[in-house]
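# okay, here's the prediction I keep looking at, along with the sequence it came from:
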Amino acid sequence: MKILVVCGNGLGSSFMMALTVKKALAELGQEADVTHTDLTTATAEQADMYIGAGDIVDQLDDGFRKIVRVVNMMSIPEIKSKLEPLL
Amino acid sequence: MLDVMMNDILGTPAILVGLFAFVGLLIQKKSASTVLSGTLKTIMGFVILGAGAAVLIGSLTHFSKMFDVAFNVQGVIPNNEAIVAAAQTNFGTSTAMIMVFGMVMNLLLARFTPLKYIFLTGHHTLFMACLIAASLSVGGMSGAPLIIVGSILLGICMVVFPAILQPTVRQITGSDDFAVGHFGSIGYYVSAKIGKLFGNKAHSTEAIQVPKSLGFLRDTSVAVSLTMSIFFIIVAMFAGQSYIEKELSGGSNFIVFAIIQAITFAAGVYIILAGVRMLIAEIIPAFKGIADKLVPKAKPALDCPTIFPFAPNAVIIGFLFSFFAGLLSMFALPLIGLKVIVPGLVPHFFTGAAAGVFGNATGGRMGAMAGAFANGLIISFIPAILLIFMGDIGYEGTTFGDSDFGVVGILIINILKLFGAV
């Protein structure tokens, strides 16, 4: 499974969020390919799931993509609870 | 042999950062294949950075020429990526050295002082390392002293700036889990103070309805293409069709030329960002891994958008008021004899938005508006003042964007002047 973590620049916050997502997946006992990128690249890249702040990933929401909206990017419990039903 | 070691291996920044990534991966006991691919990708990141710079500077040169002809003053576009990429020719090696030893200083300070922050915004560490290398050099330092003093200064910046923001960050996030590590801190700090003075935090920005339609500006490539197109077209109209078609565009239509140059600028930023992303991808996890072991209870200091989801309306309001201040400053700066700082959507978006979130935390709507406005003034005037001191190192046309870079650069150069180093 491929998970794409997205922020505006694809540098700082998506990078940190990707680390949190990896930790959350490990706690759930799941494996996935987690990468991070900017919004422009994300629109052209295929992934099984797109994770980011609400106002960012809303722009990727075409009704088909699996989208996860995160408030606290550093919170493992929040990401875990949002990922679990989708895995 | 020694000559090859010192000049060609350690003197090539790409190889140097590759070596650091290599050591970092070894310390983490990664597999041979991960070590190899991580090292190669880090080196490639640095090479991509340089390639992007070439694209971006081409467009920037056209912009400067047009601006000069149009208004008879020099226009400057603050862009961290552009200035850092351009400065790699002269300051590449010292930037890479200061970056790595600055991170070591950060670990030491976090370990042995109460400032327990680990600065994880890798691209800002890189930009600050470059700024420090350039300002120390302008101030007359070189060689080993430059690297040593530079690393100490970078380490101090990496713990002090997150520390001054932390009281407000606690109010924003309602927790003490992480700090903000982003070198726009002075703008955010001022915004929080102004918010407290003028605002009322009971009237939060989050209680108002803000149109969602501005969200597309969070996409850096779109935001840069859009602002640059607008500025390029305006400047092209003032510079005149005949000048551009005769001197710059090789005969093609001046408006088409302006639009293509604007999008070329955005493409340059995009390439540089891709390079930076590859460059920091191995170094930061290694740094974090070491920090987790060496510094118990350290707080990660993270890029500013981590606080955006806590107050999405303040993000939009902050951006608009910061940009508005940037536009006003553009007209005010030449009146007091400073260079014209062309406001960019990207610095105003990121730092304006963060300033809005800080202002909202201490002073609600009024706080977000006034605080972000103050941030907009700061990131217009500070780069203009920095240019007075830095201009002669030859990267006119662009400079560092965010507030802390300017303040640190101005302080370094003037303190060295006091000691008579210049």
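Yes, it's here.
# enumerate the residues of chain A near chain B.
Residues of chain A lying near chain B by C-beta under 8 Å from any C-beta of the partner chain: A:7-13, A:15-16, A:19, A:36-40, A:53-56, A:58-59, A:70-75. Quick note: C-beta positions are derived from backbone N, CA and C, even for glycine.
# the same query, at a cut-off of 7 Å, please.
Within chain A, the residues that sit near chain B (C-beta under 7 Å from any C-beta of the partner chain) are A:7-13, A:15-16, A:38-40, A:53-56, A:58-59, A:70-71, A:73-74.
# can you tell me which helix in chain B is longest?
helix B:345-390 (DSSP state H).
# still on that earlier bit, looking at the residues of chain A next to chain B, which are in helices?
A:G12, A:S13, A:F15, A:M16, A:L39, A:T40, A:G54, A:D55, A:I56.
# tell me the contacts of the first one?
Put plainly, it is A:G12. B:T121, B:H123, B:L302, B:D303, B:P305 (C-beta atoms under 7 Å, 6 or more residues apart in numbering or on different chains).
# how far away is the residue in chain A that chain B sits nearest to from B:E245?
As assessed by C-beta to the nearest C-beta, chain B sits closest to A:G12 within chain A, at 2.4 Å. From A:G12 across to B:E245, the span is 42 Å (C-beta to C-beta, to the nearest Å).
# now do the contacts for B:L153.
B:I132.
# and it, how close does it get to B:K246?
48 Å.
# and B:F349, by the same measure?
Using C-beta to C-beta, B:F349 is found at 36 Å from B:K246.
# looking at these two, which has the bigger crowd around it?
Neighbour count, other C-beta atoms under 10 Å in any protein chain shown: between B:F349 and B:K246, B:F349 has more, with 27 against 12.
# per-residue confidence at the more buried one?
Looking at B:F349, its pLDDT reads 82.
# for chain A, what are the nearby residues on the stretch 51-200 of chain B?
B:L120, B:T121, B:H123, B:D177, B:F178.
# and the two most separated of the residues you listed?
B:H123 and B:D177 (22.2 Å; C-beta to C-beta).
# between those two, which one's more packed in?
B:H123 (24 against 13).
# how about the contacts made by that one?
Under the criterion of C-beta under 7 Å, 6+ apart, the contact list for B:H123 reads A:L11, A:G12, B:V276, B:I280.
# now the residue most central in space within chain B. Nearest residue, chain neighbours left out?
The centroid of chain B falls nearest to B:N80 when counting by C-alpha atoms, centre = their mean (4.3 Å). Using C-beta to C-beta, 6 or more residues apart in numbering or on different chains and skipping residues adjacent in sequence, the residue nearest B:N80 is B:F127, 4.7 Å away.
# helix or strand: which one has the one you found?
For B:F127, the element it lies in under DSSP states H and E is helix B:122-138.
# now the strands for chain B?
B:75-78, B:117-119, B:179-180, B:299-302, B:340-341, B:398-399 (DSSP state E).
# look up the closest residue to the most centrally placed residue in chain A, ignoring the ones flanking it.
In chain A, the centroid-proximal residue (C-alpha atoms, centre = their mean) is A:I51; its distance is 2.2 Å. Nearest residue to A:I51, sequence neighbours excluded (C-beta to C-beta, 6+ apart): A:V68, at 4.4 Å.
# doesn't the one you found lie inside a strand?
Yes. Counting by DSSP: H, G, I helix; E, B strand; the rest coil, A:V68 is found in a strand.
# tally of neighbours for it?
Residues contacting A:V68 under the criterion other C-beta under 10 Å number 18.
# what's near enough to touch it?
Counting by C-beta under 7 Å, 6+ apart, A:V68 has contacts A:M49, A:I51, A:K82, A:L83, A:L86.
# 8 Å instead?
Shown in contact with A:V68 (C-beta atoms under 8 Å, 6 or more residues apart in numbering or on different chains): A:M49, A:Y50, A:I51, A:G52, A:V57, A:I79, A:K82, A:L83, A:L86.
# what pLDDT does the residue of the stretch 201-350 of chain B found nearest chain A get?
Here the residue of the stretch 201-350 of chain B nearest chain A is B:D303; by C-beta to the nearest C-beta that distance is 2.4 Å. The confidence metric pLDDT takes the value 86 at B:D303.
# surely A:Q59 and A:T40 touch.
No. Using C-beta atoms under 8 Å as the test, A:Q59 is too far from A:T40 to be in contact (10.3 Å).
# joint contacts of the two?
With C-beta under 8 Å, 6+ apart as the test, A:Q59 and A:T40 both reach B:D219.
# can you pull out the helices in the stretch 201-350 of chain B?
Along the stretch 201-350 of chain B, counting by DSSP state H, counting those that start in this stretch, helices occupy B:220-239, B:241-243, B:254-294, B:312-332, B:345-390.
# could I get those as a markdown table with distance to chain A?
Listed next are these as a markdown table, based on distance: least, C-beta to the nearest C-beta, whole Å:
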| stretch | distance to chain A |
| --- | --- |
| helix B:220-239 | 4 |
| helix B:241-243 | 32 |
| helix B:254-294 | 6 |
| helix B:312-332 | 6 |
| helix B:345-390 | 8 |
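# would you turn those into CSV with distance to B:S94?
Formatted as CSV, the helices of the stretch 201-350 of chain B follow (distance: least, C-beta to C-beta, whole Å):
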stretch, distance to B:S94
helix B:220-239, 28
helix B:241-243, 39
helix B:254-294, 16
helix B:312-332, 31
helix B:345-390, 15
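# just those: most buried one?
Highest mean neighbour count of the helices of the stretch 201-350 of chain B: helix B:345-390, a mean of 27 (counted as mean count of other C-beta atoms under 10 Å in any protein chain shown).
# from the chain's centroid, how far away is that one?
Helix B:345-390 sits 14 Å away from the centroid of its parent chain (C-alpha atoms, centre = their mean, to the nearest Å).
# same check, this time on stretch B:273-285
15 Å.
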